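> test case, fold it:
(one chain, ligands or ions: 2)
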Amino acid sequence: MREKEREMGKNEYLPLFETRASRGRLLFKLYVLTIFVAICMILVYRVSYLPVEGAVEIWSWIGMFFAELWFSFYWFITQLVRWNPIYRYTFKDRLSQRYEKDLPGVDIFVCTADPEIEPPTMVINTVLSMMAYDYPPEKLSVYLSDDGGSDLTFYAMLEASRFSKHWLPFCKKLKIQPRSPEAYFRTALEPLDDPNKAKEWLFVKKLYIDMKYQIEATTKLGKVPEEICKEHKGFHEWNFISSRRDHQTILEILIDGTDPQAMDNEGQPLPTLVYLAREKRPQYPHNFKAGAMNALIRVSSRISNSPIILNVDCDMYSNNSYSVRDALCFFMDEEKGREIGYIQYPQAFENITKNDIYCNSLNIEMEVDFPGLDGNGGPLYIGTGCFHRREALCGRRYSNENKVDWKEVNYRKVKESAGVLEEVCRILASCTYDANTEWGKEMGLKYGCPVEDVITGLSVQCKGWRSMYFIPERKGFLGLAPTTLLQTLVQHKRWSEGDFQILITRHSPFLFGHKRIPLKLQLSYCIYLLWATSWFAVLYYLVVPPLCLLRGISLFPKV
Ligand SMILES: O=c1ccn([C@@H]2O[C@H](COP(=O)(O)OP(=O)(O)O[C@H]3O[C@H](CO)[C@@H](O)[C@H](O)[C@H]3O)[C@@H](O)[C@H]2O)c(=O)[nH]1
Ligand SMILES: [Mn+2]
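Ligands and ions are numbered 1, 2, ... in the order given. Predicted coordinates for the structure are as follows:
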């Protein structure tokens with residue numbers, strides 16, 4: 001109401017995004033109420049019909065009671081999360097009208113770790129889809145962190161940097177979606193209406209297929225041929241490398257966006273493109289993805305230092321070229337934007353099998369739980385498809401005093417040439433740089449937790465920042481989910497372990513978050529943090545009732 005009045009009265013504040021509560025909640029709440037009554041009745045039944053004789057009978061009955069008590073508690077947490085979901089909508093046209101000239105720089109971090117599990121062709125498809133965002137290219141910088149330290153990945157990146165000169169103008173001219181060449185050409189049909197267009201289409205497609213073939217052949221070979229190595233000085237670095245766990249920093253600015261000669265084949269500027277394999281030594285902990293991300297934060301702070309950072313896994317390409325603009329509608333909103341620390345997008349997958357037997361699609365989490373978490377105070381940070389405010393990720397506390405002047409933050413302080421920058425940045429990515437500093441503790445992503453993302457997001461929220469969840473109409477990012485039982489188990493073991501670790505350490509939402517985030521958000525976190533602890537109740541319920549059935553002991557009411 002107040003907002004409406006202001007809008008009409010002064011006609012100056014039109015928000016860049018709006019929030020709507022989900023409709024039809026009354027029905028849902030009534031439904032929850034009926035389940036609540038049923039649960040109470042089960043518990044009453046357990047207490048009032050406790051068997052009087054037979055130790056096995058009594059103890060199995062008591063076990064059932066505790067398992068059901070646990071399930072009831074978990075059910076309560078789940079309903080709390082789902083009680084008031086909210087949805088966000090953006091106004092990109094208003095963003096362009098007001099800020100087109102002052103749009104801030106955006107740094108995009110892509111992480112990869114193993115050229116065998118994460119093939120170079122997949123990695124560069126993700127990178128290309130990020131470079132092709134519908135956004136002023138001179139304001140985009142894409143960084144690839146290669147923890148695999150692989151010359152195959154480096155070679156693929158070099159090829160991608162060349163191909164991007166054709167790919168980017170092609171995407172923009174034909175306004176295509178998605179902008180991962182592999183995903184696009186897999187389904188797209190040649191445009192038949194205009195022969196010129198068709199010619200270009202076929203040309204770019206052939207370029208892509210040739211590049212893909214070359215990269216795949218090299219990957220199969222396992223090493224980059226001599227004659228290709230001569231093409232770029234970067235390959236020399238691999239002359240000194242014996243193992244992927246023991247090597248110096250390799251940093252190459254493949255495209256320097258500030259260089260006036262870095263142009264696509266239509267004379268438009270290109271985004272900056274950086275390859276980084278941080279230094280690794282066996283005697284120093286590398287801290288997995290968190291270590292990689294922190295090295296990227298430091299290196300990018302010297303090269304582009306954009307106030308907004310997007311982080312994706314290398315198996316998650318951009319499926320929607322407007323995601324950056326959508327995210328900025330939140331950060332740049334004059335009224336509510338200042339307090340936003342990060343914007344999380346849903347994780348969606350393109351390789352879900354028909355029956356999804358291992359339940360990897362995460363649909364319930366992404367479509368039901370996360371809008372609810374947003375309503376309760378802010379979604380978790382889940383490692384990919386997330387836009388961060390650099391200062392929040394670097395550990396700064398929220399303060400409403402200093403307003404951001406987007407013109408000011410756009411000013412690039414660095415004027416060094418690419419060569420000088422590469423030298424300086426090598427030190428920032430060295431394996432000793434973090435030691436005895438706040439990196440991994442108060443700054444950047446936190447070390448020592450298998451789910452570095454969740455614990456980092458919680459810490460950002462505890463420092464006063466708000467997080468928001470945004471489901472765009474067209475999916476923002478598409479990735480690969482585990483496909484085998486083994487992969488699924490490994491992933492779930494890591495998630496459960498990491499989440500449980502957060503619960504019982506001093507970083508738990510109840511200790512760390514006490515008085516810093518709302519109580520309902522602290523409780524909402526438990527929907528995931530308590531995942532592992534359900535094992536007892538679940539196992540009990542699976543094993544004991546069938547055994548009792550065999551012995552003729554009845555645990556349920558007779559009908
Ligand atoms: O030492 C490492 C290990 C992993 N990664 C990268 O981290 C990402 C995620 O690793 P992955 O093994 O694929 O884990 P998932 O279980 O698929 O990842 C989910 O869960 C992780 C932990 O919560 C999050 O970090 C991820 O973003 C999220 O997609 C990938 O891009 C890896 O290349 C590194 O950069 N360095
Ligand atoms: Mn993954």
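> what strand or helix carries the closest residue to Gly63 other than its chain neighbours?
Spatial nearest neighbour of Gly63, chain neighbours left out: Tyr540 (5.6 Å); criterion: C-beta to C-beta, 6 or more residues apart in numbering. Bear in mind the C-beta positions are built from the backbone N, C-alpha and C, glycine included. Using DSSP states H and E, the element containing Tyr540 is helix 535-551.
> one more: Glu408?
Counting by DSSP H and E, Glu408 is part of helix 406-409.
> give me the average confidence score over that helix.
For helix 406-409, the mean per-residue pLDDT is 72.
> now swap in stretch 461-472 and tell me
pLDDT averaged over stretch 461-472 gives 98.
> what comes up buried for it?
In terms of neighbour count (16 or more other C-beta atoms under 10 Å), stretch 461-472 has its buried residues at 461-472.
> let me know the closest of the residues you listed to Val404.
Nearest to Val404 out of the buried residues of stretch 461-472 is Trp465 (C-beta to C-beta; 13.1 Å).
> separation between that closest one and ligand 1?
From Trp465 over to ligand 1 the distance is 19 Å, taken as C-beta to the nearest ligand atom, to the nearest Å.
> Val451 too?
Relative to ligand 1, and taking C-beta to the nearest ligand atom, Val451 is found at 4 Å.
> excluding its backbone neighbours, what's nearest that residue?
Val451's closest residue in space is Gly498 (C-beta to C-beta, 6+ apart), at 3.2 Å.
> contact partners for that neighbour?
Residues in contact with Gly498, defined by C-beta atoms under 8 Å, 6 or more residues apart in numbering, are 449-451, 454-455.
> tell me which element it falls in.
Judged by DSSP H and E, Gly498 forms part of helix 485-504.
> quick one: work out the angle between that helix and helix 535-551.
120 degrees (axes from the mean of the first three to the mean of the last three C-alpha atoms, to 10 degrees).
> show me how far the helix or strand following helix 485-504 is from its chain's centre.
Next along the chain after helix 485-504, taking DSSP H and E as the criterion, comes helix 519-529. Offset of helix 519-529 from its chain centre (C-alpha atoms, centre = their mean, to the nearest Å): 20 Å.
> check which residues of helix 519-529 are buried.
520-529.
> so is that helix next to ligand 1?
No. Contact of helix 519-529 with ligand 1 (C-beta under 6 Å from any ligand atom) is absent, the minimum separation being 10.3 Å.
> count the neighbours of the residue nearest to Gly63 for me.
17 (other C-beta atoms under 10 Å).
> and if you look at Asn239?
8.
> same question for Tyr74.
As a burial measure, Tyr74 scores 17 neighbours (other C-beta under 10 Å).
> what's the pLDDT at it?
Taking Tyr74 on its own, its pLDDT is 97.
> repeat for the one 5 residues further on
Per-residue pLDDT puts Gln79 at 97.
> that one sits in which helix or strand?
Gln79 belongs to helix 55-82, assigned by DSSP H and E.
> tell me the gap between that helix and the middle of its chain.
34 Å.
> what are the buried residues along that helix?
Result for helix 55-82 [16+ other C-beta under 10 Å]: buried residues 57, 60-61, 63-65, 67-68, 70-71, 74, 77-78, 80-82.
> ok, stretch 543-551 next?
Applying 16+ other C-beta under 10 Å to stretch 543-551 flags 544-545, 548 as buried.
> please export the C-alpha coordinates of the helix holding Tyr540 as PDB.
Output of helix 535-551 as PDB, limited to C-alpha atoms (Å, rounded to 0.1, in the frame of the first residue of the first chain):
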ATOM      1  CA  TRP A 535      19.100 -43.000   9.800                       C
ATOM      2  CA  PHE A 536      18.000 -44.600  13.000                       C
ATOM      3  CA  ALA A 537      14.300 -44.000  12.700                       C
ATOM      4  CA  VAL A 538      14.300 -45.000   9.000                       C
ATOM      5  CA  LEU A 539      16.300 -48.200   9.600                       C
ATOM      6  CA  TYR A 540      14.200 -49.100  12.600                       C
ATOM      7  CA  TYR A 541      10.900 -48.600  10.600                       C
ATOM      8  CA  LEU A 542      12.300 -50.700   7.800                       C
ATOM      9  CA  VAL A 543      13.600 -53.600   9.800                       C
ATOM     10  CA  VAL A 544      11.600 -54.000  13.000                       C
ATOM     11  CA  PRO A 545       7.900 -54.200  11.800                       C
ATOM     12  CA  PRO A 546       8.600 -57.000   9.300                       C
ATOM     13  CA  LEU A 547      10.500 -59.000  11.900                       C
ATOM     14  CA  CYS A 548       7.700 -58.500  14.400                       C
ATOM     15  CA  LEU A 549       5.300 -59.600  11.800                       C
ATOM     16  CA  LEU A 550       7.200 -62.800  11.400                       C
ATOM     17  CA  ARG A 551       7.000 -63.400  15.100                       C
END
